[in-house]
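Asks: following is a predicted model, sequence given first.
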Amino acid sequence: MVLKEIPADNITRPLGRNEVIGLLFRLTIFGAVTYFTIKWMVDAIDPTRKQKMEAQKQAEKLMKQIGVHNVKLSEYEMSIAAHLVDPLSMHITWRDIAGLDEVITELKDSVILPIQKSYLFESSKLLQPPKGVLLYGPPGCGKTLIAKATAKEAGFRFINLQPSTLTDKWYGESQKLAAAVFSLAIKLQPSIIFIDEIDSFLRNRSSTDHEATAMMKAQFMSLWDGLDTDYKCQVIIMGATNRPQDLDSAILRRMPTRFHINQPGVKQRQSILRLILENEKVEADVDLRKIAENTEGFSGSDLKEMCRDAALFCVRDFVHAEDGSEEDFIRPIQQTDFQKAMEKMKRSKSAGTPSMMLDTALD
Ligand SMILES: Nc1ncnc2c1ncn2[C@@H]1O[C@H](COP(=O)(O)OP(=O)(O)OP(=O)(O)O)[C@@H](O)[C@H]1O
């Protein structure tokens with residue numbers, strides 16, 4: 001009907017120059033509008049876009065701080081690097097750890113020496129530094145400190161992998177991120193990948209595992225095996241757990257070098273207290289030995305909390321001092337402050353903090 005009304009000449013005649021230009025112009029505009037609309041929709045649908053951009057900025061900043069230049073990272077490596085490489089955690093040394101001398105000596109011999117003097121061990125396959133190290137023991141007793149100090153002393157970069165970085169992601173993303181953890185560690189080598197609460201992430205495989213989780217675990221293990229086959233590769237996985245009995249046996253096999261970081265005994269508690277109070281104002285007659293004896297069952301972290309509380313009593317006294325008080329300084333910590341702080345910690349420990357019992361099946 002409509003075509004009938006258009007003169008036949010108009011349909012069959014070739015288009016004029018201006019008409020072609022007009023048509024091209026309209027097509028270009030249409031193409032551009034379609035392209036930007038689709039791009040905008042894809043970006044709007046991608047829930048991780050903002051995170052990715054922030055991760056990229058953060059990663060670039062961190063890389064500069066740890067002195068890594070000219071290393072190109074993929075999008076996934078960037079997002080791992082942003083969360084994991086923490087240059088501030090590289091300041092912990094053996095000096096910051098008290099009461100774990102035996103563990104430190106063993107670590108120096110079995111992990112650090114083969115790294116630092118690698119030329120001595122080049123010809124031996126037996127004496128290569130282990131690719132997997134497990135630190136196990138009750139919470140707050142120094143596992144994280146040990147891992148950080150090992151990295152610092154061995155001159156390794158420290159990648160602090162929170163399991164949630166991998167497990168919270170969208171289906172498919174977690175596998176790409178797991179691969180990125182390893183490729184990033186290799187690019188940054190020598191490096192330690194530290195996985196705190198490794199049991200939460202690589203626990204006994206069960207039939208209730210989500211398919212994506214099971215696949216990610218299997219992939220993680222095969223990437224780990226990849227490290228083992230390359231003797232030149234200087235990447236170590238260090239895991240920490242309070243519940244070694246929950247770990248998948250395949251994971252335990254990959255971590256043959258194990259250290260039990262146990263609750264401190266009385267002597268260790270005394271050295272931890274000495275270290276914590278090293279730079280604090282403490283009354284000369286404070287008896288650290290007595291405090292150590294009375295803090296059975298306290299972890300290093302409990303002792304630190306207790307000392308902070310004791311110091312706070314002095315601050316409170318200063319703040320609440322009568323107006324007109326001559327004193328313009330905070331008094332040193334006294335034995336009674338420690339006593340009060342200790343009682344408070346004991347009360348909070350008995351009021352429902354999780355049991356400190358640990359299965360020592362690995363001993
Ligand atoms: N042996 C120790 N020497 C000095 N400080 C210690 C020691 N153990 C624990 N601390 C103090 O307690 C804090 C917590 O320790 P850390 O994070 O290493 O414990 P953890 O064993 O990794 O615990 P979690 O299993 O809860 O992660 C440390 O930052 C430190 O201040």
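Replies: Yes, it's here. Numbers count the residues shown, from 1 in each chain.
Asks: going forward, measure contacts and count neighbours with C-alpha atoms only.
Replies: Will do.
Asks: what residues are up against M306?
Replies: Contacts were defined as CA atoms under 8 Å, 6 or more residues apart in numbering; by that measure M306 touches F338, A341, M342, M345.
Asks: which strands or helices does the helix or strand that contains the first one pack on?
Replies: In other words, F338. In this structure, F338 sits in helix 335-350 according to DSSP states H and E. Using 3 or more CA pairs under 8 Å, 6 or more residues apart in numbering; DSSP states H and E, the elements in contact with helix 335-350 are helix 300-319.
Asks: in the helix it packs on, what's buried?
Replies: Neighbour counts over helix 300-319 (16 or more other CA atoms under 10 Å) mark 300, 302-304, 306-307, 309-311, 313-315, 318 as buried.
Asks: how big is the angle separating that helix from helix 335-350?
Replies: Helix 300-319 runs at 130 degrees relative to helix 335-350, counting by axes from the mean of the first three to the mean of the last three CA atoms, to 10 degrees.
Asks: what is the rounded mean pLDDT of helix 300-319?
Replies: Helix 300-319 carries an average pLDDT of 91.
Asks: hey, C-alpha coordinates of that helix in CSV?
Replies: Listed next in CSV are the C-alpha coordinates belonging to helix 300-319 (Å, rounded to 0.1, in the frame of the first residue of the first chain):
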residue,chain,number,x,y,z
GLY,A,300,49.9,-14.2,74.5
SER,A,301,47.0,-12.2,73.3
ASP,A,302,45.2,-12.5,76.7
LEU,A,303,48.3,-11.3,78.4
LYS,A,304,48.5,-8.3,76.1
GLU,A,305,44.8,-7.4,76.8
MET,A,306,45.4,-7.7,80.5
CYS,A,307,48.4,-5.4,80.4
ARG,A,308,46.4,-2.9,78.3
ASP,A,309,43.7,-3.0,80.9
ALA,A,310,46.2,-2.5,83.7
ALA,A,311,47.6,0.5,81.9
LEU,A,312,44.1,1.9,81.4
PHE,A,313,43.6,2.0,85.2
CYS,A,314,46.4,4.5,85.4
VAL,A,315,45.0,6.6,82.6
ARG,A,316,41.5,6.6,84.3
ASP,A,317,43.1,7.7,87.6
PHE,A,318,44.8,10.6,85.8
VAL,A,319,41.6,11.6,84.0
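Asks: can it be found next to the ligand?
Replies: Yes: using CA under 6 Å from any ligand atom, helix 300-319 reaches the ligand at G300, S301, K304.
Asks: from N242, how far off is the last one?
Replies: When distance is defined by CA to CA, to the nearest Å, K304 is 19 Å away from N242.
Asks: one more: the first one?
Replies: In this view, G300 and N242 are 15 Å apart by CA to CA.
Asks: same thing with L145?
Replies: Using CA to CA, L145 is found at 15 Å from N242.
Asks: comparing these two, which residue is more hemmed in?
Replies: Counted by other CA atoms under 10 Å, L145 and N242 do not tie: N242 has more neighbours, with 22 against 16.
Asks: check what pLDDT that one gets.
Replies: In this model, N242 carries a pLDDT of 92.
Asks: how about L84?
Replies: Confidence score, pLDDT, at L84: 68.
Asks: do a quick rundown of the strands in the stretch 201-350 of the chain.
Replies: 235-241, 257-260 (DSSP state E, counting those that start in this stretch).
Asks: now, of these, which is deepest in the fold?
Replies: Neighbour counts (mean count of other CA atoms under 10 Å) averaged over each of those peak at strand 235-241, with a mean of 24.
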